[in-house]
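Q: Prediction below, plus the sequence it came from.
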Amino acid sequence: MSRVYNFSAGPAVLPEEVLQSAADEMLDYKGTGMSVMEMSHRSKAFEEIIETAEADLRELMNIPDNYKVLFLQGGASQQFAMIPMNLMKNKVADYIVTGQWAKKAYQEASKYGKVNKIASSEDQTFSYIPDCSDLPISEDADYVYICENNTIYGTKYKELPNTKGKTLVADVSSCFLSEPIDVSKYGIVYGGVQKNIGPAGMVIVIIREDLITEDVLPGTPTMLTYKTHADAKSLYNTPPAYGIYICGKVFQWLKKLGGLEKMKEINEAKAKILYDYLDESKLFKGTVVKKDRSLMNVPFVTGDKDLDAKFVAEAKAAGFENLKGHRSVGGMRASIYNAMPTEGVKALVEFMKKFEEENM
Ligand SMILES: *Cc1c(COP(=O)(O)O)cnc(C)c1O
């Protein structure tokens, strides 16, 4: 068996220990004689899996009791519609557009009401986070929406926007569990799990209880109503059971590691290795305003498209996979999520140094 260093933005690297443990349990989960994939979601064994997963996530994120945790299908993108359908009582929402994912969420919400783009960083190809200390928040806004870590562009909010008392909704897909957050500052925190936590197709929604109501937009499907899933503890229909199981293992892995404070320390040290090199390199440069740099997604360029392509090809041959930048921006991007070992980043930097020497 040989594993590569996988810098994919998502689906992305998972802890080897988690994959190994899932492999060990593949044919016979804890003496049940079956795989988690094969068991009823109403069984005792699965009940324990989902309840433990929720309890561990609550502990890791210090989730207050007045928030529900929902394990849902449809990935992060399903939430682009589910949020306005459930929250737009006044049919008004404010969006801060800092990248493609925020833009998609903004466009989707526009189908359901009056949606205001109250700030954007599109003027500089989303390479920074706008000042959000005093934005023109709408009087009757049902919520203010952000994408907290911009997977494609590599920016991250270091401070949450001042929403002037309005409910904050955040997509944290690509920074989920990378560092502690104060859940009480949000109305909804949600993320697709395939960036930092588990297999694709699943989204975790952490939602304040007062936002879970029957008063949703007319025509909202049962499956897209938060109350359906909150009332049924994510078991209204068959949930993404195997995904929940893997997420649960990643929560256990994080707890064993020392929790989110420790994860943050590791992530900061890991990202610093790459950013420090980018800052001193004469060939490669980071594309993002320094103060807004993401700990998870690190885009960089040489300034020469052919050289970028040569780098990506040579890196791949050397065992560094998925370093090509998003198709909308080009260049390179190293996604260094929780499960990317520090040695992987060190090895990448050594490889970049060698490439720099050979190509300058
Ligand atoms: C990947 C990603 C999405 C889309 O996730 P899907 O599960 O594919 O819908 C949305 N938002 C952010 C920030 C992402 O990184």
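A: Structure's in. What do you need?
Q: from here on, contacts and neighbour counts on C-alpha atoms
A: Fine.
Q: State the number of residues packed around Ala269.
A: Using other CA atoms under 10 Å, Ala269 has 12 other residues around it.
Q: how near is it to the ligand?
A: 22 Å (CA to the nearest ligand atom, to the nearest Å).
Q: Then Ala22?
A: 22 Å.
Q: and if you look at Phe300?
A: For Phe300 relative to the ligand (CA to the nearest ligand atom), the value is 18 Å.
Q: so that residue sits in a strand?
A: Yes - under DSSP: H, G, I helix; E, B strand; the rest coil, Phe300 sits within a strand.
Q: what does the stretch 51-200 of the chain put close to the ligand?
A: Residues of the stretch 51-200 of the chain found near the ligand (CA under 6 Å from any ligand atom) are 75-77, 101, 147, 150-151, 171, 173-174, 192.
Q: I'd like the average pLDDT over the longest helix anywhere in the chain.
A: Ordering each helix of the chain by length in residues (DSSP state H) puts helix 259-280 first. For helix 259-280, mean pLDDT rounds to 98.
Q: could you say what helices and strands that helix packs with?
A: Helices and strands touching helix 259-280, as assessed by 3 or more CA pairs under 8 Å, 6 or more residues apart in numbering; DSSP states H and E, comprise helix 44-61, helix 241-257, strand 285-286, helix 342-359.
Q: hmm, who's touching the shortest one?
A: Contacts of strand 285-286 with the rest of the structure, by CA atoms under 8 Å, 6 or more residues apart in numbering, involve 275, 278-279, 298-302.
Q: so which of those comes closest to the ligand?
A: Val298 (13.1 Å; CA to the nearest ligand atom).
Q: How is the nearest residue to Ile152 once chain neighbours are set aside assigned, secondary-structure-wise?
A: Ranked by CA to CA, 6 or more residues apart in numbering and with sequence neighbours excluded, the top spatial neighbour of Ile152 is His326, at 6.1 Å. Classification of His326 by three-state DSSP places it in coil.
Q: how far away is Phe284 from the ligand?
A: Between Phe284 and the ligand the computed distance is 24 Å (CA to the nearest ligand atom).
Q: That should have said Thr238, apologies.
A: For Thr238 relative to the ligand (CA to the nearest ligand atom), the value is 18 Å.
Q: Kindly report the same for Gly201.
A: Shown here: Gly201 relative to the ligand, a distance of 6 Å by CA to the nearest ligand atom.
Q: mind listing what that residue touches?
A: Taking CA under 8 Å, 6+ apart, one finds 73-75, 192-194, 240 in contact with Gly201.
Q: Buried subset of those residues, written for PyMOL?
A: Restricted to buried positions by 16 or more other CA atoms under 10 Å, the PyMOL selection for the contacts of Gly201 reads:
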select buried, resi 73+75+192+193+194+240
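Q: So which of the contacts of Gly201 sit within helices?
A: Using DSSP H, the members of the contacts of Gly201 that fall in helices are Gly75.
Q: any chance of the contacts of Gly201 in CSV, plus pLDDT?
A: Below are those laid out as CSV (pLDDT from 0 to 100):
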residue, pLDDT
Gln73, 98
Gly74, 97
Gly75, 97
Gly192, 98
Val193, 98
Gln194, 98
Pro240, 97
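Q: ok, the contacts of Gly201 vs Ala315, which is closest?
A: Of all those, Ala315 sits closest to Gln194, with 23.4 Å by CA to CA.
Q: quick one, what contacts the closest one?
A: 10-12, 173, 200-202.
Q: hmm, try it at 6 Å
A: By CA atoms under 6 Å, 6 or more residues apart in numbering, the contact list for Gln194 reads 10-11, 200.
Q: show me where pLDDT drops low in the stretch 201-350 of the chain?
A: Applying pLDDT under 70 to the stretch 201-350 of the chain flags no residue at all.
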